[in-house]
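> Just a sequence and a predicted model for now, questions to come.
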Amino acid sequence: MRAGAGLRSLIPLLVCGVMAATAGCGGSTDEQGGESLELEAKWHDRISEAVNAKPDGCTAGVGSACETHAAAVHAITERLHKEVEARPDKDRYQAPLDGTTAINEQYDQYYTELCATVPETTVDAATTQKLHTCSGLYTSIITGASDLQDNLRPSE
């Protein structure tokens, strides 16, 4: 036997060990690979597309274009929430559940505030305050959805 031949046979084991620790190895379906990544694979691009589909007419977080965009993002995250709720292992997906719940609450408030009717140019303190409130809610919805993309994996 040549020197180092025994080490060569260990290399696949070492590589697989590192891969299993980071992303799964050999078709693993444990909490870091395989099945656990299906939620991320299915929803990451959908959320990204919805977030990036901001209409040209949406500049300040108010108006009908922004409301339409917020509604589209909300619809995607609401579908994600329903899918996670239906999973038998939903307790492992608390971050996506919390994120989608927050977006749902923010969207409800955005819609209740009638943000589609708020002008981008304000002339009084009350309208200016409503503009800031609506703009903040819109930003929270979009940012929350972007953050959600990074929290689609199960907790350990």
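Nice, thanks for sending it over.
> could you say what helices and strands the longest helix along the chain packs with?
Using DSSP state H to define each element, the chain has its longest helix at helix 125-149. When contacts are defined as 3 or more C-beta pairs under 8 Å, 6 or more residues apart in numbering; DSSP states H and E, helix 125-149 sits against helix 38-52, helix 64-85, helix 94-112. Yep, even glycine has a C-beta here, placed from its N, CA and C like the rest.
> Could you figure out how far it is turned away from helix 64-85?
40 degrees (axes from the mean of the first three to the mean of the last three C-alpha atoms, to 10 degrees).
> With the flanking residues excluded, which residue is spatially nearest to the most centrally placed residue in the chain?
The centre of the chain sits closest to L148, judged by C-alpha atoms, centre = their mean, with a distance of 2.2 Å. Spatially, and ignoring its direct neighbours in sequence, L148 is nearest to G99 (4.2 Å; C-beta to C-beta, 6 or more residues apart in numbering).
> just P55 next, same as before
Per C-beta to C-beta, 6+ apart, closest to P55 is A65, 4.2 Å.
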